[in-house]
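1. Turn this into a model:
(3 chains)
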Amino acid sequence: MAEKSSAQKNETPHHWLMKSEPSVYGIANLSRDRHTMWEGVRNYQARNFMREMSVGDRVLFYHSNADVVGVVGVAKVRMAAKSDPTQFDARSEYFDAGAKKDDPRWSAVEVEFESKFAVAVTLDDLRGDHALASMMILRKGNRLSVTPVTAGEFAAVMKLARSVAKK
DNA sequence: GCCAACGTTGGC
DNA sequence: GCCAACGTTGGC
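-> This next block holds a predicted model:
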């Protein structure tokens, strides 16, 4: 019998944060497409986090290199990590000549749109919340595009989203 | 556009 | 295995 995934083992779902540049693929794109393959991650730590994702895990969608930098909505993991096809596509900017078909180097998950915040939770908002003091994205020098978020951090960001919407 | 803080590469 | 050089990320 195949090994059960963590979701099937009834573990508490995990939470994540994924960065994207809105000029490349933003929350508006995901809202329109409804779901997308998260291709092109070429960092081993970020890849390993994606491999830990289970279907149903919720994801904070973060805009980097943007006019408004911060969390702009929520996505959900629709399909667990599988081989990222772009690593074998010579025409793709993500092509990796060193990747082997029988042992893919890079993975991708599929995410689906859940919601777009009425008002973005900005980086300043995040920094101003003590509940987020140890959030990975706020650590100096952190550049990972995929990071785990604790359940408490996730809830704190959702609370911030409600409070900034009321201002 | 600047630049600090990374991660990766490759010579040794 | 070390580490300088290089490329990239991402806030500002």
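
2. Tally up the residues packed near the residue in chain A positioned nearest to DNA strand B, please.
-> Here the residue of chain A nearest DNA strand B is A:Gly141; by Cβ to the nearest atom of the strand that distance is 2.2 Å. (Each C-beta comes from the backbone N, C-alpha and C, glycine too.) A:Gly141 has 4 neighbouring residues, counting by other Cβ atoms under 10 Å.

3. which SSE is it in?
-> Secondary structure assigned from DSSP states H and E places A:Gly141 in neither a helix nor a strand.

4. next one: phi and psi at it?
-> phi 80, psi 0 (degrees, to the nearest 10).

5. what about the helices in chain A?
-> Listed in chain order, the helices of chain A (DSSP state H) span A:22-25, A:27-33, A:44-51, A:123-127, A:151-166.

6. Is DNA strand C within reach of the shortest one?
-> No: using Cβ under 7 Å from any atom of the strand, no contact is recorded between helix A:22-25 and DNA strand C, whose separation bottoms out at 9.7 Å.

7. residues in contact with A:Ala81?
-> A:50-51, A:53, A:107-109 (Cβ atoms under 8 Å, 6 or more residues apart in numbering).

8. Contacting DNA strand C as well, which ones from those?
-> Among the contacts of A:Ala81, no residue is within reach of DNA strand C (Cβ under 7 Å from any atom of the strand).

9. buried subset of these?
-> Among the contacts of A:Ala81, the ones that count as buried by 16 or more other Cβ atoms under 10 Å are A:50, A:53, A:107-109.

10. Out of the residues you listed, which two sit at the greatest distance?
-> The most widely separated members of those are A:Met53 and A:Ala108, with 10.6 Å between them, by Cβ to Cβ.

11. thought A:Gly26 was touching A:Ser64?
-> No: A:Gly26 is beyond contact range of A:Ser64, at 10.3 Å (criterion: Cβ atoms under 8 Å).

12. sorry, back to before: how about the contacts of A:Ala81 in JSON lines, adding pLDDT?
-> Converted to JSON lines, the contacts of A:Ala81 look like this (pLDDT from 0 to 100):
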{"residue": "A:Met50", "pLDDT": "96"}
{"residue": "A:Arg51", "pLDDT": "95"}
{"residue": "A:Met53", "pLDDT": "97"}
{"residue": "A:Ser107", "pLDDT": "95"}
{"residue": "A:Ala108", "pLDDT": "96"}
{"residue": "A:Val109", "pLDDT": "97"}
